[in-house]
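*Asks:* the following comprises the amino acid sequence and a computationally predicted model.
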Amino acid sequence: MIASANVPRLEMSGVRKRFGATVALDGVDLLVRPGEVHALIGENGAGKSTLMKVLSGALPADDGQMLLDGRPYRPAGPLDARRHGIAMIYQELNLAPHLTVEENVMLGIEDTVLGFLRRAPMRQRVTAALAQLHHPDIRPDVRVRDLSLGAQQLVEVARALAADARIILMDEPTSSLTRADVTHLFDLIRRLRDRGVSVVYISHFLEEVQRVADRFTVLRDGRVTGSGSVADTPTSRIIEMMVGRRLEEMFPRVPHAIGGPALCLEKLSGEPIPTDVSLTLHHGEILGVAGLIGAGRTELVRTVFGLAPVRSGRIRVLAVRGPETIDAGAAPARRLAQGIGMLSEDRKAEGLALPMSVADNITLSRLGAVGFAGLLSLRRQREAARRWIDRLDIRTQGPEQALWHLSGGNQQKVAFARLLHHDADVLLLDEPTRGIDVGAKVQIFRLIGELAAAGKAVLFVSSYLPELLGVCDRIAVMSRGRLVAVRPAAGWSEESIMAAATGGSS
Amino acid sequence: MTTLERTAAPILFTMIYWLIAWNDSAIGWLAAVLYLPLLGLVMLLRGRERRLLVALFLIILALAGVYQLKAGIEAHTVATERAVRLARAGEPVEPVPGRSHFIREQENNFLKTRTFRSTSNQTVAVGIAAMGMTLVIISGGIDLSVGSVMALTCVMTAWCLKAGAAPVPAVLAGIALGGLCGLFNAAMITRLRVVPFIATLGMWGIARGLAKGIASEQKIDAPAGWLGEHVVVFQPKPAWLLVSPGVWTTLVLAAIVWAILRYTALGRYIFAIGSSEATARLCGIRVERIKLYLYTIAGLCTGLAGVMQFCRLTVGDPTTAIGAELDVIAAVVIGGGSLSGGEGSVFGSIIGALIMAFLRVGCDQVGVPTWVQEMIIGGVIVLAVALDQWRHRRMAGTR
């Protein structure tokens, strides 16, 4: 490591990036010192990923300066960034599962003579890199697909080490790790820091940030809203920097009364997860579901709604519409007829038909309400759509506008409008606030509260703990396909949820 | 939409119409009567459809212009050669006027209603099949079996007539067989989970083989009766029909399919499946059942197209319509259909079919060799889709 401690490892100033009319980065400054763990914090869509893509050469900046160890740095592409010693570890692992650890670590930086691999020096570099991981399972000849998720994450780190990285960027590295793996990763990050490597750590789990980071920078809507030392800044202050308003304004409480059961899951198991989930959702209740990625939250929702097969167990539906039913799985069409609606986590690919109009998307699950015997009344369809556009304050030129012209928040409101048009009694919401701006989030939180007040039962899946704690009546935590605990929201904290989700005792 | 497009369409339309009326006085008064309603129709259309129509007019105008130039130059050459010959023979020679005079003097045969009639007749089979293909492509699928199924239904109709059936049952048998092929396609796609490309590629072979089997690898000569004399003919009877009943059938079918797409839940479901099958499932749409319906409807359209082919040929030819599926797909794609689904329009597909037909006929009239024609049509297909992609990127960029 070459630089003296006074010269920052990385200095970004006034970095701008826009996509069409959307400003993703609006003059961002970031300063990372050698041998520090710097947390980059912000909600989804704040610009963290864009900033990291600019830094790792995947996107060119429109404007602004970058200095690496005091020298101007302007990467021509990801390979160029890698040559400058910048390594990116993405949230989704970028490993070739059929290749061995060694082949993965050296991928793209193979040591060759006339196209032939020089095996001995490569093996040396890989062994040196792996030695720093302190992990017994990770040997050069093991195939990556045979390793656990946590170990695969470490192989990514080894790849960065083998390339002599000066800065390692980690994008939410713990989102799929068990508690033991997280501890292992944090130990490794601290050892790297002590050797002078700078780590930029992206996360929205503030508890993790406090455990591992030295300093932080908060991004909101493409701007820096604060930075400082982690030890000197209270968590509530960081959250306010993230959301741009006081916490009580962020999560408006709508008073609602909890009624009788609406949906009972009895030892429900899917293919391959969830496993043995028993849960009762009441009318007028907002029930949060927390857990790591891959813990089975989305699978649970899809199994209930009939988009994924039921292996065993039963589902009891006591929605207002129709008689009480018990079954072992049914098609989405039947669930919709029973008054159950689902909001998909993947808005673009599954939740909405983007090429179609606002009106079509709102009325699609219940076209019968705006027509007769398979024929549609375009006038009634427009009127129905207009009602929901006004009610939910959807910013659109009109019901006929194609959905891809709308912003993420307005698209999500259209997805909600479909559930409302369908008049569903039980709402299964999978990550309803993913990738939308703060203003739209507040509106959606209030809407969820109003729905509960109207007696609807809401199942609210989210990866973002503050919103679960701020909105829900009860919170259930899932881990490895199983439901590990259900408690009133007041009985949880971010730390205890993470502990339960990562497999510790609750 | 730009002001240019808004004004260019009616102006071009007026010019074309005026040229027709001027060149063929028999139809002149009708042009005058129909002018306003047709202009209204053009103004009703939006965006891509109006652009396509403008493109069609430009192609027709360009071909007409080229035709007139070519004919004028040829006439000039003939006159000059004649003058030279006469002068050599020592006879008195009048001065030959300039080329522009001959070009002006040329009567523009290309724009005569004759050309429109023969072109529209050639479009009938492709146009009808394109209606079914429009549905399939909007749903995100593809049907490669169209040409083969057309041959099969063409042969089937002929076979029925030869066996002594009356024309109406023979036609119905042909259409029904097309529907059956479509149903079979849908069964392969939804039950066996074979992707549409492969399933219909299978049907492409099966139907062609079956057609040859039924016809014993020969053309079936059948008493076509009024089917051959009235349906797809150059001079329609009664004369007030202007174009053949086959063309009218195409237009009526287009109206029906347009209404299905716009005014029925089925139409909305087809668009939804093509836009995103996952979304359709999430909204409780029975995706398999809808696919069954739409491939069957497409099969019925193809069956009708095969019957029209028989009416035009008046024999059951098992080797007819080879490669027609590609013409049909090209028509839909030029008309704005996207092979990734969710997009396409009836009107666009009709215009797409017309654009290809006019390019062929126009090139023939102008004397462009067939191999150049094929290259031109290939280029037009790529150009049309490239323009559409460019438009998409621009729209995504301004979001």
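*Replies:* Right, received. Where do you want to start?
*Asks:* domain ranges for chain A, per the record?
*Replies:* Following automatic domain parsing, one finds the domains of chain A at A:10-249, A:256-339+A:424-501.
*Asks:* can you list the residues of chain A near chain B?
*Replies:* A:19-22, A:305, A:307, A:331-337, A:342, A:344, A:346, A:349-356, A:360, A:364-365, A:367-368, A:371, A:374-376, A:378, A:404-405, A:418 (CB under 8 Å from any CB of the partner chain). From N, CA and C alone the C-beta is placed, and that goes for glycine too.
*Asks:* okay, the domains of chain A in CSV with mean pLDDT next?
*Replies:* Conversion of the domains of chain A to CSV gives the following (pLDDT from 0 to 100):
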stretch, mean pLDDT
domain A:10-249, 83
domain A:256-339+A:424-501, 86
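*Asks:* most neighbours per residue, which of these?
*Replies:* With neighbours defined by mean count of other CB atoms under 10 Å in any protein chain shown, none of those is more surrounded on average than domain A:256-339+A:424-501, at a mean of 20.
*Asks:* gap between the two ends of it?
*Replies:* Using CA to CA, to the nearest Å, one end of domain A:256-339+A:424-501 lies 28 Å from the other.
*Asks:* one more: stretch A:447-462?
*Replies:* End to end - CA to CA - stretch A:447-462 spans 16 Å.
*Asks:* now it, how far from the centre of its chain.
*Replies:* How far stretch A:447-462 lies from its chain's middle: 21 Å, per CA atoms, centre = their mean, to the nearest Å.
*Asks:* kindly report the same for stretch A:25-33.
*Replies:* Mean-position distance between stretch A:25-33 and its chain equals 23 Å (CA atoms, centre = their mean).
*Asks:* what's next to it, contact-wise?
*Replies:* A:5, A:8-18, A:38, A:40, A:47, A:50-51, A:54, A:61, A:64, A:167, A:198, A:200, A:215, A:217, A:219, A:221-224, A:227 (CB atoms under 8 Å, 6 or more residues apart in numbering or on different chains).
*Asks:* what's near enough to touch the one residue in the stretch 101-250 of chain A that gets nearest to chain B?
*Replies:* Here the stretch 101-250 of chain A gets closest to chain B at one residue, residue A:222, 16.1 Å apart by CB to the nearest CB. Residue A:222 makes contacts with A:23, A:24, A:25, A:26, A:28, A:46, A:47, A:50, as judged by CB under 8 Å, 6+ apart.
*Asks:* so who does the residue lying closest to the second one once chain neighbours are set aside touch?
*Replies:* Nearest residue to residue A:24, sequence neighbours excluded (CB to CB, 6 or more residues apart in numbering or on different chains): residue A:50, at 4.4 Å. Applying CB under 8 Å, 6+ apart to residue A:50 gives the contacts A:17, A:24, A:25, A:59, A:222.
*Asks:* wouldn't the fourth one be in contact with residue A:17 here?
*Replies:* Yes - the criterion here is CB atoms under 8 Å, and residue A:59 meets it with residue A:17 at 6.6 Å.
*Asks:* so residue 67, which state does it fall into?
*Replies:* I went with chain A, as the question did not name one. strand (DSSP: H, G, I helix; E, B strand; the rest coil).
*Asks:* which residues does it bridge with?
*Replies:* Counting by DSSP bridges, residue A:67 is bridged to residue A:11, residue A:72.
*Asks:* for the nearest residue in space to residue A:213 that is not next to it in sequence, which three-state class applies?
*Replies:* Nearest residue to residue A:213, sequence neighbours excluded (CB to CB, 6+ apart): residue A:39, at 3.7 Å. Per three-state DSSP, the secondary structure class of residue A:39 is strand.
*Asks:* that older thread, ok, now how distant is the residue nearest to residue A:24 from residue A:483?
*Replies:* Separation of residue A:50 from residue A:483 (CB to CB, to the nearest Å) stands at 36 Å.
*Asks:* ramachandran angles for residue A:268?
*Replies:* Main-chain dihedrals, residue A:268, degrees, to the nearest 10: phi -80, psi 130.
*Asks:* can you name the farthest residue from the center of the chain?
*Replies:* In the absence of a named chain, chain A is used. residue A:114 (43.7 Å; CA atoms, centre = their mean).
*Asks:* if you could check chain B rather than the one you did, that'd help
*Replies:* residue B:90 (55.2 Å).
*Asks:* which element is that residue on?
*Replies:* Using DSSP states H and E, residue B:90 sits within no helix or strand.
*Asks:* re earlier: confirm for me that the residue nearest to residue A:213 is in contact with residue A:216.
*Replies:* Yes - here residue A:39 reaches residue A:216: they are 4.1 Å apart, a contact under CB under 8 Å.
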